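[1] the sequence isn't on hand, but the structure is:
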């Protein structure tokens, strides 16, 4: 547990949103607690339309996610409180204690495999070790606008410091084998490599054997430390 931190550094800040919100997220997975999942879905049923229920009951849709209308159907909130107040253990019980008094301000997300109840913006200001730190640094190699970080970390403002040196934020993904023969793909890749002013590349291959064959067949120089 973090106590009395003067400086908190968050590396890869854009990838940490889920980990930040987990502290205030009540989650019930069909794989870990099917009884709790089914009880929550049943309690939220008044706030889900028929089309939403069809999506939720379709186990073939892994990416589906529906949001229950608990504001229009306040009985959903009452049902949820009744179910979650009976929790005896687990991470959901801890998160439930944190959000119970403000459950009406939370999102109710339902998928074919999980129910998640969480605030739209994590209330990090209530987590004293984080809120009372004298300085917080959020590092990111792909920093665009600041709104995503503000929402993800529940903060009001940021002072952005951008690196002054030349950066490598843009990437060009080239897959010549998709539209040409294997032999021509080697030639095209070699020509691109030879024409690069700064030679930095990552070669992705399905196996070491294919990678070694590609490097030996192409004209890529292998002695300059590139991958």
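    All right, it came through fine. What you are looking at is a predicted structure, and each value in this text was computed from that prediction instead of being measured.

[2] roughly how far apart are residue 44 and residue 200?
    Separation of residue 44 from residue 200 (Cβ to Cβ, to the nearest Å) stands at 50 Å. In short, each C-beta sits where N, CA and C put it, glycine included.

[3] residue 9 is in what secondary structure piece?
    According to DSSP states H and E, residue 9 maps onto strand 7-10.

[4] so what secondary structure elements neighbour the next helix or strand after that strand?
    The C-terminal neighbour of strand 7-10 among helices and strands, as given by DSSP H and E, is helix 17-21. Counting contacts by 3 or more Cβ pairs under 8 Å, 6 or more residues apart in numbering; DSSP states H and E, helix 17-21 packs against helix 147-153.

[5] the helix it packs on: how far from the chain's middle?
    Distance, stretch centre to chain centre, for helix 147-153: 13 Å (Cα atoms, centre = their mean, to the nearest Å).

[6] which residues are contacting that helix?
    Helix 147-153 is contacted from outside by 10, 13-14, 16-17, 20-21, 120-122, 124, 138, 140, 155-158, using Cβ atoms under 8 Å, 6 or more residues apart in numbering.

[7] which of the residues in it are buried?
    149, 152, 153 (16 or more other Cβ atoms under 10 Å).

[8] secondary structure class for the residue lying closest to residue 131 once chain neighbours are set aside?
    Using Cβ to Cβ, 6 or more residues apart in numbering and skipping residues adjacent in sequence, the residue nearest residue 131 is residue 125, 4.8 Å away. State at residue 125, reduced to three classes by DSSP: H, G, I helix; E, B strand; the rest coil: helix.

[9] ok, back up a step: partner strands of the strand holding residue 9, parallel or antiparallel?
    Applying DSSP bridges, strand 7-10 is found paired with strand 135-138 (parallel).

[10] one step back: so for residue 44 and residue 200, which sits in the more crowded spot?
    residue 44 (28 against 9; other Cβ atoms under 10 Å).

[11] what residues are up against the nearest residue to that one once chain neighbours are set aside?
    Nearest non-adjacent residue to residue 44, counting by Cβ to Cβ, 6+ apart: residue 68, 4.4 Å away. Residues near residue 68 by Cβ under 8 Å, 6+ apart: 44, 47, 48, 52, 76, 108, 109, 110.

[12] got it, and residue 105?
    Residue 105 sits in contact with 119, 120, where contact means Cβ under 8 Å, 6+ apart.

[13] distance check, it against residue 147.
    Per Cβ to Cβ, residue 105 is found 20 Å from residue 147.

[14] got it, and residue 53?
    Counting by Cβ to Cβ - residue 53 and residue 147 are separated by 33 Å.

[15] could you do residue 154 as well?
    Taken as Cβ to Cβ, the span from residue 154 to residue 147 is 13 Å.

[16] list the residues that contact both of the two?
    With Cβ under 8 Å, 6+ apart as the test, residue 154 and residue 147 reach no residue in common.

[17] and the pLDDT at residue 214?
    Per-residue pLDDT puts residue 214 at 67.

[18] next one: residue 5
    The model reports residue 5 with a pLDDT of 83.

[19] angles on the backbone of it, please.
    Taking degrees, to the nearest 10, you get phi -80, psi 130 for the backbone angles of residue 5.

[20] ok, now which ones touch the closest residue to residue 29 other than its chain neighbours?
    In space, and not counting its chain neighbours, residue 29 is closest to residue 114: 4.9 Å by Cβ to Cβ, 6+ apart. Contacts were defined as Cβ under 8 Å, 6+ apart; by that measure residue 114 touches 27, 28, 29, 30, 37.
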